[in-house]
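Chemist: with the input below, show me the fold.
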Amino acid sequence: MTNVCKILMLVENGAVPKDSRVWPEACALRDMGCQVSVICPRESPRYAEPYICLEGIHIYRYRLPVSETSSAAYMLEYGISVLMTFLLSLKVLFLHGFDVIHAANPPDLFFLIGAFYRLLGKKFVFDQHDLTPELFLVKSGGRMKLIYRLLLFCEWCTYRTAHIVITTNASQQRKAIERGGCALDKVFVVRNGPDLLRMKPTIPEPVLKAGRRYLLAYVGVMAAQDGLEYALYALHQLVHERGRRDILLVLMGEGDAVPTLQALTRQLELDEYVRFTGWLEHPEMLRYLTVADMGLSPDPKNGLNEYSTMVKVLIYMALGKPIVAFDLPETRVSAQEAALYAQPNRVEDFADKIAMLLDDEEMRTCMGAYGRRRMEEALNWEQSKHQLLLAYKALLPRRF
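Modeler: Predicted coordinates:
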């Protein structure tokens, strides 16, 4: 680069550095020689500082109202987030300066900030993590189509405001081209490949299996779209209908569906077979995944997940764990032969695939090795960083 490029990253859907996509991107841009600032919400108690400079990256955080699941609560949250993000962006502009706004979604409202700064000659990058209109349909149960159409409009505005668009996979890239009217050379795929240097097994601790022979693992968000109820119903079949008492399911993560899932666990009489750990720091997660016999990806077919790359699938593969998942297009693209695929939304078939893997150690070993090899050859973060650099070269050819 001829001079330092200054980048301001915006994220509403999680705190940084906790966010598993924004933080690696921020670090990659820093390593490319950029000055990076981030604006995001606070999360207590670990990510509550209003400002911190972490590993050379300036992080500014704002408070959001207590999370609720109603549409009115989401609208209030998003409105406050846009206002607070804009006010903090002025602070960053005067304290550090920036040439590029790199905005992650959801929500698809940061185009309002991007449009303002375009008037001042700044570049705007739309980093599309999820298809927000489809996400809303899942969370609302298909109701409130007027809001869905409004979200489609906001998504279109974001596409049109952006100088370039970054997506997590080819399915989302096609949406940007077909639904957003973006030119092919404007849309770049930067996958969520994990850093393999951080994805290494620890010393095995069999005690984490709580006396059971097999450990099933789930890592990630626990929201309506993630389908954890399918995993619980499948476990109920295995334990109470097929008589397996040798299984423990550990659920690592958090989300607004946790209270419902805990109630379902009690209803299905699975308390002694399920462990909710909450959100774990990376070393703790590795402890459980080291001794896990397989990873579960129960994300159902729902009009959203078909277009989504599941980070948990990549994490399982990086740790050499075989996977049971519903047969969704992007999950197949990622896992290929590292997973057994159940018919979408069929609990019985999901349970069948778990049982098949439990009873075949050689299959588990081969599938796990295939997944790790695929991560090393094609899906690791080093590959994704290269795509991120190409995107920024297209955005600022004289600066990279």
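Chemist: distance check, Q262 against T365.
Modeler: Distance from Q262 to T365, counting by Cβ to Cβ, to the nearest Å: 33 Å. Where you see a C-beta, it was placed from the backbone N, CA and C, and this is true even at glycine.
Chemist: do the same with G371
Modeler: Per Cβ to Cβ, G371 is found 11 Å from T365.
Chemist: quick one, which of the two is more surrounded?
Modeler: When G371 and T365 are compared for neighbours, G371 comes out ahead with 28 against 12, by other Cβ atoms under 10 Å.
Chemist: how about the more buried one, what does it touch?
Modeler: Shown in contact with G371 (Cβ atoms under 8 Å, 6 or more residues apart in numbering): 316-318, 320-323, 335, 338-339.
Chemist: how about 7 Å then?
Modeler: Residues near G371 by Cβ atoms under 7 Å, 6 or more residues apart in numbering: 316-317, 320, 335, 338.
Chemist: name the helix or strand for it, please.
Modeler: In this structure, G371 sits in helix 361-374 according to DSSP states H and E.
Chemist: and that helix, which residues are buried?
Modeler: Residues 364, 367-368, 370-372, 374 are the ones in helix 361-374 that count as buried (16 or more other Cβ atoms under 10 Å).
Chemist: equivalent analysis for stretch 261-277, please.
Modeler: Across stretch 261-277, burial judged by 16+ other Cβ under 10 Å covers 261-262, 264-265, 268, 270, 273-275.
Chemist: take those residues and keep only those in helices.
Modeler: Per DSSP state H, helices hold the following members of the buried residues of stretch 261-277: 261-262, 264-265.
Chemist: where's the nearest residue to F124 once chain neighbours are set aside relative to P397, distance?
Modeler: Of all residues not flanking F124 in the chain, G114 sits nearest, at 3.5 Å (Cβ to Cβ, 6 or more residues apart in numbering). As defined by Cβ to Cβ, G114 lies at a distance of 20 Å from P397.
Chemist: give me the more crowded residue out of those two.
Modeler: G114 (23 against 8).
Chemist: that one falls within a strand, correct?
Modeler: No. G114 sits outside any strand when classified using DSSP: H, G, I helix; E, B strand; the rest coil, being helix.
Chemist: list the contacts for it?
Modeler: Contact analysis of G114 by Cβ under 7 Å, 6+ apart lists 101, 103, 124, 161-162.
Chemist: switch those over to a markdown table; also include neighbour count.
Modeler: Output for the contacts of G114, formatted as a markdown table (neighbours: other Cβ atoms under 10 Å):
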| residue | neighbour count |
| --- | --- |
| I101 | 28 |
| A103 | 26 |
| F124 | 23 |
| T161 | 19 |
| A162 | 27 |
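Chemist: pLDDT (mean, whole number) over stretch 123-134?
Modeler: Taken as a whole, stretch 123-134 has a mean pLDDT of 96.
Chemist: where does the stretch 1-150 of the chain have low pLDDT?
Modeler: Residue ranges of the stretch 1-150 of the chain with pLDDT under 70: 1-2, 66-71.
Chemist: tell me where it has helices.
Modeler: 22-31, 71-95, 111-118, 132-140, 145-161 (DSSP state H, counting those that start in this stretch).
Chemist: I'd like to know which of these lies nearest to G295.
Modeler: Minimum separation from G295 across the helices of the stretch 1-150 of the chain (Cβ to Cβ) falls at helix 22-31, 20.2 Å.
Chemist: how far out from the middle of the chain is the closest one?
Modeler: 16 Å (Cα atoms, centre = their mean, to the nearest Å).
Chemist: repeat that for stretch 34-47.
Modeler: Relative to the centre of its chain, stretch 34-47 is centred 17 Å away, using Cα atoms, centre = their mean.
Chemist: could you do stretch 180-192 as well?
Modeler: With Cα atoms, centre = their mean as the basis, stretch 180-192 stands 18 Å off its chain's centre.
Chemist: buried residues in it?
Modeler: 180, 182, 186-192.
Chemist: span of that stretch from start to end?
Modeler: End-to-end distance for stretch 180-192, by Cα to Cα, to the nearest Å: 22 Å.
Chemist: going forward can the numbers begin at 44, since that is how I track them
Modeler: All right, first residue 44 from here; so that's stretch 223-235.
Chemist: so which residues make contact with that stretch?
Modeler: Identification of contacts with stretch 223-235 by Cβ under 7 Å, 6+ apart yields 64, 198-199, 202, 207-213, 216, 219-220, 352, 354, 357, 422, 427, 430-431, 433-434.
Chemist: swap in 6 Å and give it another go.
Modeler: Contact partners of stretch 223-235, identified using Cβ atoms under 6 Å, 6 or more residues apart in numbering, comprise 64, 199, 202, 207-211, 213, 216, 219, 352, 354, 427, 430-431, 434.
Chemist: got JSON lines for the buried residues of stretch 304-320, with distance to M265 and pLDDT too?
Modeler: Converted to JSON lines, the buried residues of stretch 304-320 look like this (distance: Cβ to Cβ, whole Å; pLDDT from 0 to 100):
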{"residue": "L304", "distance to M265": "6", "pLDDT": "98"}
{"residue": "Q305", "distance to M265": "10", "pLDDT": "98"}
{"residue": "L307", "distance to M265": "12", "pLDDT": "98"}
{"residue": "T308", "distance to M265": "12", "pLDDT": "98"}
{"residue": "L311", "distance to M265": "16", "pLDDT": "98"}
{"residue": "L313", "distance to M265": "15", "pLDDT": "98"}
{"residue": "Y316", "distance to M265": "17", "pLDDT": "98"}
{"residue": "V317", "distance to M265": "12", "pLDDT": "98"}
{"residue": "R318", "distance to M265": "13", "pLDDT": "98"}
